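> let me see the structure of the following:
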Amino acid sequence: MKQEILFTKSYICILAANFLLFFGFWLLIPVLPFYLKETFGCRAAILGTILSCYTVSGICVRPFSGYILDRFPRKPIYIFCYFAGIAVFAGYMASASLLCFVVLRTLHGIAFSGVTVGGNTLCVDIMPSGRRGEGLGYYGLTNNIAMALGPMAGLLMHGHVSYTAIFGTGMAASIVGLMCALCVKARIPESMKKDMPSARNTCLSSSVSDIRKKRSALSLDRFILIKGIPVSVSLLMLSIPYGATTNFVAMYAREIGLTAPSGFFFTLMALGMGVSRIIAGKKVDHGYVTQCIHVGYYPVIVAFLILSLCRLVAGESIAVATVIFYIVPVLLGIGFGVMFPAMNSLYINLAPNNKRATATSTYLTAWDIGICVGISSGGFVAQCFTFYMVYLVGAVICIVSLVFFRYKVTPHYNTNKLR
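Next comes the predicted model:
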């Protein structure tokens, strides 16, 4: 039997658009704490709160973006949100106050929320269903490559060029990404066509059955994938230490006296994710969804444990601490790289075809809530105990997440999966 074609023109274009979108995103992530501290004199506890406003705004609109993307053609909404994100970069360059930055960061979170849900759902639409796990693996790989290059580029630019130049670089990358996004040839699935409102349904003479249909469309399960709530609990806990790591690991390295470039941390994590995503994606296509997630937990837990120990080791030997510090991102990359395509497929498998965007938005909302908690609480915990305690607590949270996934989520998924 001939294998279905995965790398079509539209698929390649959406890969490029996603890479450039996330490159602009990751370029700023490790730089923003320094920007806020150096420009506005923010303390560590306040840093977390300010940085989390981006994620909070995204959380607030993700369920609605999923509903809208399931009800209307996806590409125009995707393009609009992409353009809005680019406009925010221009605002960063003109920002003159902390309040202005907070407002812009909040708007950026809203735009980024819409474009990530739209891009992920469009990607699922245009790829063959028999290669979905592999396709999502490559799609996520573009994020990983951006993670490898973006933070390293941002930290290399920091101290050598102005923050305006850094924001401008992110904006330029996003503009090229928008050009690629415009080349994606989207299709509307038959299941979505049947669910979209038609002129006949909106006329004054609508039947009782049409009215009932519209009411049901506005029910809670149109905004949240109800069957995805159990796995969302596990995913939320998993993303808490991840959020604290991506936003504060450069500061942690400086705190414990490591002189090696912390931007390399993200490169190693991206490499680990890149390799493991491809392998895991193919395993997912063969039905090993929950098994991949189980396996991915173990290197993640070990990574957060030894990251917390780096502070103690640094007191004895900076060289040894540096080696351990760079083992951490490899383990994190492998663990999360195995879990991400499996988690994404798990949500898709729990949802009917006409709720793909809702499933995706539920998946990303759970992740964002955990990231938000990790950022906001990470800054506060670091203020009280230093950063090592952030990662020690993170390891414990991941262990709880693993136990919950094994004994609650896995049986629930096996009972409720649709494919």
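
> can you pull the buried residues of the helix or strand hosting residue 27?
When secondary structure is defined using DSSP states H and E, the element that contains residue 27 is helix 9-28. Residues of helix 9-28 classed as buried: 10-11, 13-28 (neighbour count, 16 or more other CB atoms under 10 Å). From N, CA and C alone the C-beta is placed, and that goes for glycine too.

> same question for stretch 300-314.
When burial is assessed from 16+ other CB under 10 Å, stretch 300-314 yields the following buried residues: 300-311, 313-314.

> show residues contacting that stretch.
Contacts to stretch 300-314, defined as CB atoms under 8 Å, 6 or more residues apart in numbering, come from residues 238, 241, 245, 252, 255-258, 320-321, 324-325, 327-329, 331-332, 335-336, 339, 386-392, 394-395, 398-399, 402.

> among those residues, name the buried ones.
Once neighbours are counted (16+ other CB under 10 Å), the buried part of these comes down to 238, 241, 245, 252, 255-256, 258, 321, 324-325, 327-329, 331-332, 335-336, 339, 387-388, 390-392, 394-395, 398, 402.

> please name the nearest non-neighbouring residue to residue 107.
Spatial nearest neighbour of residue 107, chain neighbours left out: residue 88 (5.5 Å); criterion: CB to CB, 6 or more residues apart in numbering.

> report pLDDT for the closest residue to residue 42 other than its chain neighbours.
Ranked by CB to CB, 6+ apart and with sequence neighbours excluded, the top spatial neighbour of residue 42 is residue 36, at 4.3 Å. Each residue has a pLDDT score; the one for residue 36 is 84.

> what helix or strand is residue 36 located in?
Under the criterion DSSP H and E, the helix or strand holding residue 36 is helix 32-40.

> okay, the angle between the next helix-or-strand element following that helix and helix 32-40?
Scanning forward in sequence from helix 32-40 by DSSP H and E, the next helix or strand is helix 44-71. In this structure, helix 44-71 runs at an angle of 120 degrees to helix 32-40, with axes from the mean of the first three to the mean of the last three CA atoms, to 10 degrees as the basis.

> pull the distance from the very next helix or strand once past helix 44-71 to the chain's centre.
Helices and strands here follow DSSP H and E; after helix 44-71, the next one along the chain is helix 74-94. Mean C-alpha position of helix 74-94 versus that of the full chain (CA atoms, centre = their mean, to the nearest Å) differs by 17 Å.

> picking up where we left off before, tell me who's in contact with the residue nearest to residue 107.
Neighbouring residues of residue 88 by CB under 8 Å, 6+ apart: 104, 107, 108, 111.

> gap between it and residue 131?
Residue 88 sits 34 Å away from residue 131, going by CB to CB, to the nearest Å.

> kindly report the same for residue 4.
From residue 4 across to residue 131, the span is 6 Å (CB to CB).

> more neighbours: these two, which one.
In this comparison of residue 4 against residue 131, neighbours counted by other CB atoms under 10 Å, the higher total goes to residue 131 at 19 against 11.

> quick one: low-confidence parts of the stretch 151-300 of the chain?
Applying pLDDT under 70 to the stretch 151-300 of the chain flags residues 187-222, 262-263.

> where along it do the helices fall?
163-182, 190-195, 199-202, 208-217, 229-255, 263-285, 289-314 (DSSP state H, counting those that start in this stretch).

> now these as JSON lines including distance to residue 361?
Putting the helices of the stretch 151-300 of the chain into JSON lines (distance: least, CB to CB, whole Å) gives the following:
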{"stretch": "helix 163-182", "distance to residue 361": "19"}
{"stretch": "helix 190-195", "distance to residue 361": "15"}
{"stretch": "helix 199-202", "distance to residue 361": "24"}
{"stretch": "helix 208-217", "distance to residue 361": "15"}
{"stretch": "helix 229-255", "distance to residue 361": "11"}
{"stretch": "helix 263-285", "distance to residue 361": "20"}
{"stretch": "helix 289-314", "distance to residue 361": "20"}
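
> is residue 123 in contact with residue 141, as I believe?
No - no contact is recorded between residue 123 and residue 141 when judged using CB atoms under 8 Å, the distance being 11.9 Å.

> the residue nearest to residue 42: neighbour count?
The tally of other residues near residue 36 (other CB under 10 Å) stands at 20.

> distance of it relative to residue 171?
Taken as CB to CB, the spacing of residue 36 relative to residue 171 amounts to 19 Å.

> for residue 34, same thing?
Going from residue 34 to residue 171 by CB to CB gives 19 Å.

> just the ones of the contacts of stretch 300-314 in helices?
Judged by DSSP state H, the subset of those located in helices is 238, 241, 245, 252, 255, 320-321, 324-325, 327-329, 331-332, 335-336, 339, 387-392, 394-395, 398-399, 402.

> show me where pLDDT drops low in the stretch 301-419 of the chain?
Filtered on pLDDT under 70, the stretch 301-419 of the chain yields no residues whatsoever.

> go again with 80.
Counting by pLDDT under 80, the ranges of the stretch 301-419 of the chain that qualify are 314-316, 353-354, 356-357, 375-376, 378-388, 418-419.

> contact partners for the nearest residue in space to residue 351 that is not next to it in sequence?
Counting by CB to CB, 6+ apart, residue 359 is the residue found nearest to residue 351 once chain neighbours are left out, at 3.7 Å. Contact partners of residue 359, counting by CB under 8 Å, 6+ apart, are 66, 225, 228, 347, 348, 350, 351.
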